[in-house]
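# Structure for the following, please:
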Amino acid sequence: MPGDAIAKRLEAVEMTVEALAGLPAQVASLDGRVASLQLQLLQLRDEVRGEFSAVRREIANREATLCEKIADGDGALRQEIATGHAGLRGELAGVREEIKVGVESTKTEMRVLHGDVLAKIKLLKDG
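Here you go, the predicted structure:
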């Protein structure tokens, strides 16, 4: 009996040793895989860095283009406003002159009518 227990224990130890004998090869395989993953991560990091730099450049270029378009549009709009403003000033001056002529004409007509009314009042008094 005690020999059977020792034999069983010896057999368990042998199986454990056999299982452990394969570990160095498995560890070496894992080392290779880890090294491969490290390389892939470094490559990915470089690619991501490059892509982010490209995106930043593209954003900067589009921002510059947008700023130029806004500046061009702003200049054109200012010119259009200035031109319209000058045109309105000219029209306003013409309207003012027309009003002035109309007021003078009205004053003259009112004076004539006033004179006519005074003459009619005098005729009625003398009557």
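# Mean confidence (pLDDT) on the helix or strand containing residue 64, please.
Here residue 64 is covered by helix 23-126, with elements defined by DSSP states H and E. Average pLDDT, helix 23-126: 91.
# And it, what does it pack against?
Here helix 23-126 touches no other helix or strand, going by 3 or more CB pairs under 8 Å, 6 or more residues apart in numbering; DSSP states H and E. Backbone N, C-alpha and C define where each C-beta goes, glycine included.
# centre of the chain versus it, how much separation?
Averaging C-alpha positions (CA atoms, centre = their mean, to the nearest Å) puts helix 23-126 15 Å from its chain's average.
# Stretch 22-33 now?
Relative to its parent chain, stretch 22-33 has a centroid offset of 53 Å by CA atoms, centre = their mean.
# start the count at 707, not 1, going forward
All set: I'll call the first residue 707, so the last point we hit is now stretch 728-739.
# For residue 728, what are phi and psi?
Backbone torsions for residue 728, taken as degrees, to the nearest 10, come to phi -80, psi -10.
# For it, grab the count of nearby residues.
9 (other CB atoms under 10 Å).
# if I look at it, how far off is residue 721?
12 Å (CB to CB, to the nearest Å).
# Next: residue 793.
The separation that residue 793 has from residue 721, given CB to CB, amounts to 103 Å.
# Can you name the residues that contact residue 805?
The neighbourhood of residue 805, defined by CB atoms under 8 Å, 6 or more residues apart in numbering, contains no residues.
# likewise residue 728?
Neighbours of residue 728 in contact, by CB under 8 Å, 6+ apart: none.
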